[in-house]
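K.L.:
sharing a sequence plus its predicted fold:
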Number of protein chains: 2
Amino acid sequence: MDKDYTKLWLDYSKRKDMGNGALFKTISVFDFSNPEGFPVIQNALEELTKGAAGMLGVIPLVLSGDRSAESAGVQFPKGTLSIRRMEDLGPETYHVIEHEGKLHLHAGDENGVLYGAFEILRRIAMEQPLTGMDVTKTPDCPFRMLNHWDNLDGSIERGYSGKSFFFENDEILVNDRTEQYARLIASVGINAVVINNVNVKNAASLLITDTYFAKVAELSGVFSRYGIKLYLSLNFASPMEIGGLNTVDPLEPQVIFWWESKMAEIFAKIPNLGGFLVKADSEGRPGPFTYDRTQADGANMLADIVKKYGARIIWRAFVYNCQQDWRDTKTDRACAGYNSFKPVDGTFRDNVILQVKNGPMDFQIREGVSSLLGGMEKTNEMLEVQIAQEYTGQQIDLCYLMPMFREILDFKTYCGKEKDTVADIISGRCFGNKNTGIAAVTNTGNDRNWTGNDLAAANLYGFGRLACDLSLSPEQIAREWIALTYGNDPVVMETILKMLLESREIYESYTSPLGVGWMVTPSVHYGPFVDGYEYSRWGCYHRADHAGIGIDRTKEGSDYVSQYHEPNTSLYNDIRTCPEELLLFFHHVPYTYRLKSGKTLIQHIYDSHFEGYERALGLQESWKSLKDRLPLEVYHRVEERLIRQVANAREWRDQVNTYFYRKSGIPDEKGREIY
Amino acid sequence: MDKDYTKLWLDYSKRKDMGNGALFKTISVFDFSNPEGFPVIQNALEELTKGAAGMLGVIPLVLSGDRSAESAGVQFPKGTLSIRRMEDLGPETYHVIEHEGKLHLHAGDENGVLYGAFEILRRIAMEQPLTGMDVTKTPDCPFRMLNHWDNLDGSIERGYSGKSFFFENDEILVNDRTEQYARLIASVGINAVVINNVNVKNAASLLITDTYFAKVAELSGVFSRYGIKLYLSLNFASPMEIGGLNTVDPLEPQVIFWWESKMAEIFAKIPNLGGFLVKADSEGRPGPFTYDRTQADGANMLADIVKKYGARIIWRAFVYNCQQDWRDTKTDRACAGYNSFKPVDGTFRDNVILQVKNGPMDFQIREGVSSLLGGMEKTNEMLEVQIAQEYTGQQIDLCYLMPMFREILDFKTYCGKEKDTVADIISGRCFGNKNTGIAAVTNTGNDRNWTGNDLAAANLYGFGRLACDLSLSPEQIAREWIALTYGNDPVVMETILKMLLESREIYESYTSPLGVGWMVTPSVHYGPFVDGYEYSRWGCYHRADHAGIGIDRTKEGSDYVSQYHEPNTSLYNDIRTCPEELLLFFHHVPYTYRLKSGKTLIQHIYDSHFEGYERALGLQESWKSLKDRLPLEVYHRVEERLIRQVANAREWRDQVNTYFYRKSGIPDEKGREIY
């Protein structure tokens, strides 16, 4: 490795040929005739050349010309990859077909070419023959975004992979690693990146001033050459903090005027800027509620101004009361988002996109799907997930998140007769809108391996792939990632595949039971602390007493269930039909309640925690079996993480079991050690 | 107020004369004939002059001379205060007597004069006639020390009164406030001050280098003019951290040599330095245990070196395992200090003083008295208490600590047939040693009123007074402090007196019950968090389950009880004879256990918490009645604190009651609201 970071899934090491090498004698490019003028095409060509050389040992001859050249009768021999624009293919779309020994990559635009190139390279890496290939693909989500919670001082909020590679000591970094990062995420179809933390404070407020314009523009240039638009998180209070006004009321003319001037300046200075992400009225951040305005008033004001620049306002729906009194059992944080936004559904501008977390709480290992998904029927929505493993093991514990995302995407909201799943909503299939998509709070940092835990890179890879193709299965994605990263050794493939696929279930089983969530160490969010949030102001409680546990969100309780469409409301409302993995998310349940397995709830808690620990040990065993099959550096890094995961699982097991044993007084049927 | 801080109990405002003014026509000083050469005397004279002027409206004529002047037959008229050295009075001792209209202040040394002067001024402030006065006093504790946990960056560990007035941005401050501080603490008899935090880190390691020598010497000068010796907290790892050695093994010749050179340098550069306070092998600090040496090996090495400078090593006994596994119910942090030090009793040098916290845990609102007090029979001991209200309300909640200190001092250790109380041990009466005393982690900062809560100044005042006179009652001290600070309005006196005297009981009643301790928010140590430390590494657990609560420290449990002398061991060991306020400190007790009051334990928890909150409200009411009788500034500052105390008491009441109700399932007999 010549640089101090790895190449992740793009290392292009030697693969079996499978007849593929013969297709890379020549690459001909038409319509995009002058690659220098089409930087994305140029990068696609470089990628194909590098990939063919590394994986197949072939160095193709690259020829370019305009359409007339071909009509003039130039004939390319077998073994040519021919790249052409096809007007009838839409944006970001490609069609790759092999025909009589020639490979054709047709695309609607530059991004289509890039994504088609990466599709071809993926197949080569997986040692699949390109012969017979015939694939047409448009990314399912129009917006496929990564949200960095990077601060300008170089720290990353909820970052578990080192420091920021965008910022250091209040300066912006643009270097070789930036380029490699853009390449990596483009290879999985990401087309939007927010570079700074949604909590915009300190120096970050100056990103939209002369202090940083030049460097942000430079960064934007790097991304744009990979078909990616740069976005900035915006401080809604900017007119006060950097503008010197004494209000940020979105309906106040001086505020609007200030933003109009500021936006003119920003878009003049930062080419290719996609728009802004705004966290308003959330966890202490300022917002329109301060001035008795709606969330729509705030978002629309900005949206109207940036419309002429073709930009979007991504508005976060994470609005709730973070000063709750724990004694107040009527108020339910789960209800807050819907209560704030449902009344203004239909009033948002078309270039506003509401960014909605997958669950109504906050990225727990298990939650119900947010009622805003399907609830907002006349508003553009972008699903927000978190691959930074804040509550899911912090890239110490293994937690492959695609199974969770798969469940969320497949969730039927019943917002319509058909095309009513979350996947349908965020792809635009459901309501026919174009400004929809998916965003992930990302998991990268300047660690040598990018994601702290090497295996956590599967979440970065998987997120992008899933955003492009919402129908992919967790297994399919995992197989791709393993093959691309570690090659096609079947032992490596099957071992890591099994580890990844069971990892979420394992993490869930030794942490908080049946959807109850929040039994984590406050602030840090790693490790157990059963009562950690129980008497806090954050609105996240488990309500355990000597008799039972869980949050009553039924019609008798907070009535969160009624925010869903039927039949979901009834399904969740009734303890007999509520999916058991969400039992404690929706119901307060006695420890003696019998689950469908015949076990009591308390026994389920004991069993799952004992089993979860054992299965964590199992992960460790599996990994050991790969010692001679993986680069030693990778082996040791992951081994070290698994040791910590096992210790964490033990701590969770013992604290949770002890807590519930002490509280309920009901002994474990199997007489295992509880403290 | 001309400066940005108050004068506390030394404001010398107008008092009723009571015939006292007539005694201050002249002040004559003999033996200490040239006050300029006796700076402590000079300060005493200034104080008497200022006090007479302010409180009595009299400006005395000050005359000084040597003994020969008097023997030459100079006659002073009635109304003279005559100050003389008396060889037969010991160090720090004074005799004040009024005789035929003349006041005589005889003293063994300069400090005796200063303390005698403050005694006279105290009586004037309390509007007591000096006529008929005849008092001889030697301070009971040879060492009366304040420990500042101030860091060089200006922060104060466990400080609740603003920033440090010694340090700011790694620089030492010596200014008017330093002088005023020295004067304040000298007025209550303090003769030793440690200026820096026992956790010696960062810049503080350089206090014993050229970087800071000049300023430390200047500071030492200010204190010495008030009869106070300056001490420094020492980093045991200095030979490595600043000396470049690769060991700090106390028996290693190069380490000893390094310290010898260093001490020669220090004592040459800092006159009047009293010695060093050392926190070793404690909460991550380095120490002799690292090298398999005893605590005595570490302390004696330093003591031998500093002996020639007449200095002392104050060695902290706060040694325990702060990496405990909560599952381990055999290990008991309470036992740790005794286990580390008892085996080396009798091996410490005479200029080593072991500084022992009052309880075996850490400054909780209620603990058993440390078994090291009375346990160490051949070692100099200094009792360490904490007037910084870390666990006792953080100078937000009112908590007058003299009642607690009174109990501790009166505790019979049974280490001998008589003179066996803690007061006897730390005064030297018990074992006949001279290097004994009492230290308080202090509660001051650069807040305008010095102690955050104005009423918390009673703890600073009281600590000093108690250190001088171990027989004083909490009421007596409170009366003095109120009269000196707010004058002699009987309504003010009786109201504040009642508030102070009941405040500790109130704080105890709404916080952790019956000596169990530790139900605080981790790290911060303010506000409730019943399980906050229950699964931590800090060794402080309450072991509550559905059936009962408390730590079994009997012979059946950790056997901490056996570290006491009989009959204390038996008394604590038997639940029937164990004092109930310590019930849960020594026993694990079922909730249904009947206390002597006839109440069950659980009902006691409910009742005391409901009552505690009501009584906190009562404090607020009492204070309101003083609105027109106190300076408005004082009134409002304390009022604001009481509002926060009431909110805190409510939070404690509800969290503790809810916690135990949820755990036990036993309802409150009175049906009050529990959540």
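P.N.:
Cool, got the structure.

K.L.:
please count neighbours and contacts with C-alpha atoms only from this point.
P.N.:
Fine.

K.L.:
which stretches in the stretch 151-300 of chain A count as helices?
P.N.:
Chain-ordered helices for the stretch 151-300 of chain A, with DSSP state H, counting those that start in this stretch as the definition, fall at A:176-187, A:210-224, A:238-241, A:253-269, A:295-306.

K.L.:
show me the helices in the stretch 351-500 of chain A, by range?
P.N.:
Remark: helices assigned in the stretch 351-500 of chain A by DSSP H, counting those that start in this stretch are A:372-375, A:402-410, A:422-427, A:457-468, A:474-486, A:490-510.

K.L.:
now, of the helices of the stretch 151-300 of chain A, which is deepest in the fold?
P.N.:
Comparing the helices of the stretch 151-300 of chain A by mean neighbour count (mean count of other CA atoms under 10 Å in any protein chain shown), helix A:295-306 comes out on top with a mean of 22.

K.L.:
related to what we said a few turns ago, now mean neighbour count, mean pLDDT and distance to chain B too, for the helices of the stretch 351-500 of chain A, in TSV please.
P.N.:
Formatted as TSV, the helices of the stretch 351-500 of chain A follow (neighbours: other CA atoms under 10 Å in any protein chain shown; pLDDT from 0 to 100; distance: least, CA to the nearest CA, whole Å):
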stretch	mean neighbour count	mean pLDDT	distance to chain B
helix A:372-375	26	97	31
helix A:402-410	19	98	30
helix A:422-427	28	98	38
helix A:457-468	25	98	32
helix A:474-486	20	98	36
helix A:490-510	20	98	16
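
K.L.:
let's have those helices in TSV, adding distance to A:Met382.
P.N.:
Rendered in TSV, the data for the helices of the stretch 351-500 of chain A read as follows (distance: least, CA to CA, whole Å):
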stretch	distance to A:Met382
helix A:372-375	9
helix A:402-410	12
helix A:422-427	6
helix A:457-468	11
helix A:474-486	21
helix A:490-510	24
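
K.L.:
nearest to A:Ile27, out of those?
P.N.:
Comparing the helices of the stretch 351-500 of chain A against A:Ile27 with CA to CA, the closest turns out to be helix A:474-486 (22.9 Å).

K.L.:
which elements pack onto the closest one?
P.N.:
When contacts are defined as 3 or more CA pairs under 8 Å, 6 or more residues apart in numbering or on different chains; DSSP states H and E, helix A:474-486 packs onto helix A:110-125, helix A:402-410, helix A:457-468, helix A:490-510.

K.L.:
relative to the whole chain's centre, how far out is that helix?
P.N.:
For helix A:474-486, the separation from the chain centroid amounts to 17 Å (computed by CA atoms, centre = their mean, to the nearest Å).

K.L.:
just want the angle from that helix to helix A:402-410.
P.N.:
Relative orientation of helix A:474-486 versus helix A:402-410 (axes from the mean of the first three to the mean of the last three CA atoms, to 10 degrees): 140 degrees.

K.L.:
CA-only coordinates of helix A:474-486 in PDB, if you can.
P.N.:
Output of helix A:474-486 as PDB, limited to C-alpha atoms (Å, rounded to 0.1, in the frame of the first residue of the first chain):
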ATOM      1  CA  PRO A 474     -28.500  -8.100   1.900                       C
ATOM      2  CA  GLU A 475     -26.800 -11.300   0.800                       C
ATOM      3  CA  GLN A 476     -26.300 -10.200  -2.700                       C
ATOM      4  CA  ILE A 477     -24.700  -6.900  -1.500                       C
ATOM      5  CA  ALA A 478     -22.500  -8.800   0.900                       C
ATOM      6  CA  ARG A 479     -21.400 -11.200  -1.700                       C
ATOM      7  CA  GLU A 480     -20.400  -8.300  -4.000                       C
ATOM      8  CA  TRP A 481     -18.600  -6.500  -1.300                       C
ATOM      9  CA  ILE A 482     -16.600  -9.500  -0.100                       C
ATOM     10  CA  ALA A 483     -15.600 -10.500  -3.600                       C
ATOM     11  CA  LEU A 484     -14.500  -7.000  -4.500                       C
ATOM     12  CA  THR A 485     -12.700  -6.500  -1.200                       C
ATOM     13  CA  TYR A 486     -11.200  -9.900  -0.500                       C
END
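
K.L.:
so which residues make contact with it?
P.N.:
A:8-12, A:122, A:125-126, A:402-403, A:406, A:458, A:461-462, A:465-466, A:488, A:492-493, A:496-497, A:500-501, A:630 (CA atoms under 8 Å, 6 or more residues apart in numbering or on different chains).

K.L.:
per-domain residue ranges of chain A.
P.N.:
Using automatic domain parsing, the domain parsing of chain A gives A:5-137, A:143-486, A:509-551+A:588-664.

K.L.:
just want the most central residue of chain A.
P.N.:
With distances taken as CA atoms, centre = their mean, the residue of chain A nearest its centroid is A:Ala440 (2.4 Å).

K.L.:
so it sits right up against A:Met382, yeah?
P.N.:
No. A:Ala440 is not in contact with A:Met382 according to CA atoms under 8 Å; the separation is 10.0 Å.

K.L.:
around chain B, pick out the residues from chain A.
P.N.:
Counting by CA under 8 Å from any CA of the partner chain, the positions of chain A adjacent to chain B are A:327, A:529, A:531-532, A:535, A:544-547, A:655, A:661-665, A:675.

K.L.:
so which of these belong to helices?
P.N.:
Cross-referencing the residues of chain A next to chain B against helices under DSSP state H gives A:655, A:661-664.

K.L.:
want to throw the residues you listed into a markdown table with pLDDT and neighbour count?
P.N.:
Below are these laid out as a markdown table (pLDDT from 0 to 100; neighbours: other CA atoms under 10 Å in any protein chain shown):
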| residue | pLDDT | neighbour count |
| --- | --- | --- |
| A:Gln655 | 98 | 24 |
| A:Tyr661 | 98 | 21 |
| A:Arg662 | 97 | 22 |
| A:Lys663 | 97 | 24 |
| A:Ser664 | 97 | 25 |
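
K.L.:
coming back round to it: want to throw the helices of the stretch 151-300 of chain A into JSON lines with mean pLDDT?
P.N.:
Shown next, in JSON lines, are those (pLDDT from 0 to 100):
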{"stretch": "helix A:176-187", "mean pLDDT": "98"}
{"stretch": "helix A:210-224", "mean pLDDT": "97"}
{"stretch": "helix A:238-241", "mean pLDDT": "95"}
{"stretch": "helix A:253-269", "mean pLDDT": "98"}
{"stretch": "helix A:295-306", "mean pLDDT": "98"}
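
K.L.:
the residue in the stretch 401-550 of chain A that chain B sits nearest to: what's it in contact with?
P.N.:
Nearest to chain B in the stretch 401-550 of chain A, going by CA to the nearest CA, is A:Asp545, at a distance of 4.1 Å. A:Asp545 makes contacts with A:663-664, B:661-663, B:665, as judged by CA under 8 Å, 6+ apart.

K.L.:
so what pLDDT did it get?
P.N.:
The model reports A:Asp545 with a pLDDT of 97.

K.L.:
from B:Phe118, how far off is it?
P.N.:
Distance, A:Asp545 to B:Phe118, by CA to CA, to the nearest Å: 58 Å.

K.L.:
could you do A:Ala649 as well?
P.N.:
A:Ala649 sits 63 Å away from B:Phe118 when distances are taken as CA to CA.

K.L.:
and A:Tyr461, by the same measure?
P.N.:
The value you get for A:Tyr461 to B:Phe118, if CA to CA is used, is 77 Å.

K.L.:
likewise for A:Glu265?
P.N.:
As for A:Glu265, its distance to B:Phe118 is 70 Å (criterion: CA to CA).

K.L.:
same deal with A:Asn380?
P.N.:
Counting by CA to CA, the gap from A:Asn380 to B:Phe118 is 77 Å.

K.L.:
which of the two has more residues huddled nearby?
P.N.:
Legend: neighbour count by other CA atoms under 10 Å in any protein chain shown for A:Asn380 and B:Phe118, higher for A:Asn380 (27 against 21).
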